[in-house]
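Here is my input, please return the structure:
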Amino acid sequence: MFKIEYICFICGILANLSAVLGQFYFPNEATQVPNYGRCITPNRERALCIHLEDCKYLYGVLTTSPLRDTDRLYLSRSQCGYTNGKVLICCLDRYRDTSPTTMQQSVQPNITNSNLLPLPGQCGNLLSNRIYGGVRTKIDEFPWMALIEYTKTAGKKGHHCGGSLISTRYVVTASHCVNGKALPADWRLTGVRLGEWDTATDPDCELDVRGMKDCAPAHLDVPVERTIPHPSYIPSSKNQVNDIALLRLGNQVEYTDFVRPICLPLDANLRSATFDGITMDVAGWGKTEEMSSSNLKLKAAVEGTRMDDCQAVYNRQDIMLEDTQMCAGGKEGIDSCRGDSGGPLIGLDTNKVNTYYFLAGVVSFGPTPCGLAGWPGVYTLVGKYVDWIQNTIEP
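From the prediction side, this is the model:
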């Protein structure tokens, strides 16, 4: 009896739907479910278009007898597609793993009791359908990316470096963005911008899978309370070793789909990895001390380079690299031209429960102009500095 009612109810709603959407995979905090893109719920919340049976809460509502008129209306307005005989519904993250009888309002804390850094499942989440190839990011892709704000003469402000949010109070960037020799003497690092996508628009918007406008909240401009360059960084050094710094924010930031931390490489294997031959992402607006190449957050895939090969290239400039550094890229016109000075080199890892992004490297230096064929970019290897970060950050 239920099966007939269910089919009739859904068929009536979906009579006008003709397009079959492409299928992607979205690793969430607990499980993987196929999804078909971002959507907006009837209550104007951002969600994912997934199979109805994978949305446990709404599936439970549908199977509740009798079905209330208000629930029927909400379900009908939540339809986002139909594929292979299955109904697709716009499902909030919190509805995926709960039934109506077990739904709770409590949420997991953003930090663990043992330390101040989030763990996989709380950081590095893949919130967007992953788009391989291309240079444009999606509106919520890489939500840990930060723009570093400098206050100049007469109070004028500008963004000239990038960084990565790693907790509610800290951003990782390059030390040369804090006390580098190329920084003008009258620039002061005063803030961080989070939740940015297109610097030419506010708010940022794109269309979801149903053609509805999906807008991010206004970006956040957060004051920096303290800059913490690595104590062993020497601004005038040729090889720029220890080119990493922490920025302590003036207040805790609240996580959203557009402002979330990236994981640090806490796993022992990641901390010791050199990432030779591994493909990773570099992303940003092309912000450096001298220029900005894009209003829109861009990305590029780069491959880790063997240190021996990279050292052979930089020997021509009498630059000796160390084991706390790594190289990636070397393809003409790509590499960190699309990244920010101090921005992230982003790796992807999978454990038994989560697939997550982690901060493999920090953009340090490379050839001028950037993106020269045969010249990999040099990055600070973050795994070598996890102990320093853990020992430096405070509540």
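
Without its sequence neighbours, what residue ends up closest to the residue nearest the centre of the chain?
In the chain, the C-alpha nearest the mean C-alpha coordinate belongs to residue 142, at 2.0 Å (Cα atoms, centre = their mean). In space, not counting the residues next to it along the chain, residue 142 is nearest to residue 283; the distance is 5.1 Å by Cβ to Cβ, 6 or more residues apart in numbering. C-beta coordinates here come from the backbone N, C-alpha and C atoms, glycine included.

I'd say the one you found and residue 345 touch.
No - no contact is recorded between residue 283 and residue 345 when judged using Cβ atoms under 8 Å, the distance being 9.1 Å.

who has more neighbours, those two?
Neighbours per residue, other Cβ atoms under 10 Å: of residue 283 and residue 345, the larger number sits with residue 345, 28 against 23.

Skipping its backbone neighbours, what lies nearest the more buried one in space?
Nearest non-adjacent residue to residue 345 (Cβ to Cβ, 6+ apart): residue 361, at 3.4 Å.

rewinding a little: how far away is the residue nearest to the centre of the chain from residue 43?
Spatial separation of residue 142 from residue 43 under the definition Cβ to Cβ, to the nearest Å is 26 Å.

Same question for residue 269.
Residue 269 is 42 Å from residue 43, where distance means Cβ to Cβ.

Please apply the same query to residue 53.
Following Cβ to Cβ, the distance that separates residue 53 from residue 43 is 22 Å.

The two - which one has more neighbours?
Higher neighbour count among residue 53 and residue 43: residue 53, with 13 against 10, using other Cβ under 10 Å.

The more buried one in helix, strand or coil?
Under the three-state scheme (DSSP: H, G, I helix; E, B strand; the rest coil), the conformation of residue 53 reads as helix.

Not counting sequence-adjacent ones, nearest residue to it?
Counting by Cβ to Cβ, 6+ apart, residue 59 is the residue found nearest to residue 53 once chain neighbours are left out, at 5.4 Å.

That neighbour looks like it's in a strand, true?
No - in this structure, residue 59 is helix, not part of a strand, as judged by three-state DSSP.

Show me the shaky parts of the stretch 251-395 of the chain.
Applying pLDDT under 70 to the stretch 251-395 of the chain flags residues 287-293, 333-339, 369-371.

let's go with 90 and repeat that
Low-confidence regions of the stretch 251-395 of the chain, defined here as pLDDT under 90, cover residues 257, 269, 283-296, 298-301, 329-341, 349-356, 366-374.

if I look at the closest residue to residue 152 other than its chain neighbours, how far off is residue 38?
Take residue 152 and drop its neighbours on the chain: the residue closest to it by Cβ to Cβ, 6+ apart is residue 187, 5.6 Å away. Summarising the geometry, the distance separating residue 187 from residue 38, computed by Cβ to Cβ, is 38 Å.

Kindly report the same for residue 299.
The span separating residue 299 from residue 38 equals 18 Å under the rule Cβ to Cβ.

Can you pick out the residue with more neighbours from those two?
When residue 299 is set against residue 38 and neighbours are counted by other Cβ under 10 Å, the residue ahead is residue 38, at 26 against 21.

buried ones in the helix or strand the more buried one falls within?
Secondary structure here is read from DSSP states H and E; on that basis residue 38 sits in strand 32-40. Under the neighbour-count criterion of 16 or more other Cβ atoms under 10 Å, strand 32-40 has 33, 34, 35, 36, 37, 38, 39, 40 buried.

show me the contacts for residue 359.
Applying Cβ atoms under 8 Å, 6 or more residues apart in numbering, we find residue 359 in contact with 164, 166, 172, 262, 263, 264, 265, 344, 345, 346, 347, 382.

tally of neighbours for the fourth one?
It refers to residue 262. If you count neighbours by other Cβ under 10 Å, residue 262 ends up with 25.

shouldn't it be in contact with residue 122?
No - here residue 262 lies out of contact with residue 122, judged by Cβ under 8 Å, at a distance of 11.0 Å.

Contacts only, for the nearest residue to residue 324 once chain neighbours are set aside.
For residue 324, the nearest residue in space outside its immediate sequence neighbours is residue 384; the separation is 4.3 Å by Cβ to Cβ, 6+ apart. By Cβ under 8 Å, 6+ apart, the contact set of residue 384 is 271, 323, 324.

Any chance of a ChimeraX selection covering the buried ones in the residues you listed?
With 16+ other Cβ under 10 Å as the burial test, the buried ones among the contacts of residue 384 are selected in ChimeraX as follows:
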select :271,324
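
now, which of the contacts of residue 384 sits nearest residue 67?
Proximity to residue 67 was ranked across the contacts of residue 384 by Cβ to Cβ; first place goes to residue 271, at 52.4 Å.

Report the secondary structure state of that closest one.
Applying three-state DSSP to residue 271 yields a three-state assignment of helix.

Leaving out sequence neighbours, find the closest residue to it.
Counting by Cβ to Cβ, 6+ apart, residue 271 lies nearest to residue 383, which is 3.9 Å off, once chain neighbours are set aside.

same deal with residue 45?
Closest residue to residue 45 apart from its sequence neighbours, by Cβ to Cβ, 6+ apart: residue 92 at 6.0 Å.

do residue 57 as well
Excluding its sequence neighbours, the residue lying closest to residue 57 (Cβ to Cβ, 6+ apart) is residue 95, at 3.7 Å.

Distance-wise, check that neighbour relative to residue 254.
Residue 95 sits 21 Å away from residue 254 when distances are taken as Cβ to Cβ.

Looking at these two, which is more packed in?
More crowded of residue 95 and residue 254, by other Cβ under 10 Å: residue 95, with 25 against 9.

and that one, what are its phi and psi?
Reported as degrees, to the nearest 10, the phi and psi values for residue 95 are phi -90, psi -10.

one step back: for the residue nearest to residue 45, grab the count of nearby residues.
Tallying neighbours of residue 92 according to other Cβ under 10 Å, which is how burial is gauged here, yields 17.

still on that earlier bit, is it true that the residue nearest to the centre of the chain touches residue 346?
Yes - taking contact to mean Cβ under 8 Å, the distance of 6.8 Å between residue 142 and residue 346 places them in contact.

what is in contact with those two at once?
With Cβ under 8 Å, 6+ apart applied, the overlap between the contact sets of residue 142 and residue 346 consists of 262, 281, 283, 357.
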